[in-house]
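Visitor: What follows is a predicted protein model with its sequence.
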Amino acid sequence: NAGVTQTPKFQVLKTGQSMTLQCAQDMNHNSMYWYRQDPGMGLRLIYYSASEGTTDKGEVPNGYNVSRLNKREFSLRLESAAPSQTSVYFCASSEGGTGREKLFFGSGTQLSVL
Amino acid sequence: AQSVTQLGSHVSVSEGALVLLRCNYSSSVPPYLFWYVQYPNQGLQLLLKYTSAATLVKGINGFEAEFKKSETSFHLTKPSAHMSDAAEYFCAVSDPGFQKLVFGTGTRLLVSP
């Protein structure tokens, strides 16, 4: 019972490099999310996908792009990494639609941009 | 826009003492409210949620929270702290209609023997 799987778990980038964070869920959920967690700021929503084929900006989308590849997978891309993007990134999923569902989180990706 | 405020970035209690973690919300419509817990090096897990049924909500691991509309609060309590409760706790709010949570800044609970 894998739930939400994120890869990689750790990554170090140099400023200007690009990378893609991968996320997959096996619960047949409609909605998926990317959050970043920074000390003293809680979790902030980067992008979300309410359903397969749709994506929308969250609170802090600048510098990121996303792709909802299919119902299972939702990737986050940093085209030109900046030190301000050093953070812990969490992918999450939910059945979606009513606002009352539980979010299921992956174990996170710790990203450092030097 | 919805928001939550968690008072106190750190709360320290002794094992066996009452745990009280504070959360106040702001929402233009009756909200859905959640408490999530994050253990070290893990993702968040749902502790409990309020979705306009009973105002006193019981969650996992002996935690409960009471929705008080007049105070716009949803404080988390546990009668007796265990060492295993040491973690970071997040309050979150969403509007009915879509599961786009807004999280508070978190409260780290420290439990001493």
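Guide: Nice, I can see it.

Visitor: May I have the phi/psi pair for the residue in chain B that chain A sits nearest to?
Guide: When scored by CB to the nearest CB, chain B has B:Gly43 as its residue closest to chain A, at 3.3 Å. To be clear about C-beta, it is placed using only N, CA and C from the backbone, and glycine gets the same treatment. Main-chain torsions, B:Gly43, degrees, to the nearest 10: phi -80, psi 180.

Visitor: what sits against the closest residue to it other than its chain neighbours?
Guide: Excluding the flanking residues, the one nearest B:Gly43 by CB to CB, 6 or more residues apart in numbering or on different chains is A:Phe105, at 3.3 Å. Neighbouring residues of A:Phe105 by CB atoms under 8 Å, 6 or more residues apart in numbering or on different chains: A:Val4, A:Phe90, A:Cys91, A:Ala92, B:Gly43, B:Leu44, B:Gln45.

Visitor: now do A:Leu78
Guide: If a contact means CB under 8 Å, 6+ apart, then A:Leu78 has A:Leu13, A:Ser18, A:Met19, A:Thr20, A:Leu21, A:Gly63, A:Tyr64, A:Gln85 as its contacts.

Visitor: Mind giving me the PyMOL command for buried ones among those?
Guide: Selecting only the buried entries of these in PyMOL, with 16 or more other CB atoms under 10 Å in any protein chain shown as the criterion:
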select buried, chain A and resi 13+21+64+85
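
Visitor: Among the contacts of A:Leu78, name the ones in strands.
Guide: Judged by DSSP state E, strands contain the following of the contacts of A:Leu78: A:Leu13, A:Met19, A:Thr20, A:Leu21, A:Tyr64.

Visitor: The residue nearest to the spatial centre of chain B pairs with what?
Guide: What sits nearest the mean C-alpha location of chain B, by CA atoms, centre = their mean, is B:Trp35, with 3.5 Å. When assigned by DSSP bridges, B:Trp35 has beta-bridge partners B:Leu48, B:Cys91.

Visitor: quick one: pLDDT of it?
Guide: Predicted confidence (pLDDT) for B:Trp35: 97.

Visitor: what sits against it?
Guide: B:21, B:23, B:46-49, B:59, B:63, B:65, B:74, B:76, B:89-92.

Visitor: How about B:Thr107?
Guide: B:Thr107 makes contact with B:Gln6, B:Leu7, B:Gly8, B:Ser9, B:His10, B:Val11, B:Leu21, B:Arg22, B:Glu88, B:Tyr89, B:Phe90, according to CB under 8 Å, 6+ apart.

Visitor: Return only those of those found close to chain A.
Guide: Residues of the contacts of B:Thr107 in contact with chain A (CB under 8 Å from any CB of the partner chain): B:Ser9, B:Phe90.

Visitor: Now which of the contacts of B:Thr107 would you call buried?
Guide: Taking 16+ other CB under 10 Å as the criterion, what is buried in those is B:Gln6, B:Val11, B:Leu21, B:Arg22, B:Glu88, B:Tyr89, B:Phe90.

Visitor: name the element the residue most central in space within chain A belongs to?
Guide: In chain A, the residue lying closest to the centroid (CA atoms, centre = their mean) is A:Trp34, at 2.6 Å. Assigned by DSSP states H and E, A:Trp34 belongs to strand A:31-38.

Visitor: Name the strands paired with the helix or strand containing A:Phe90 and say parallel or antiparallel.
Guide: Per DSSP H and E, A:Phe90 falls inside strand A:87-94. Applying DSSP bridges, strand A:87-94 is found paired with strand A:31-38 (antiparallel), strand A:104-105 (antiparallel), strand A:109-113 (antiparallel).
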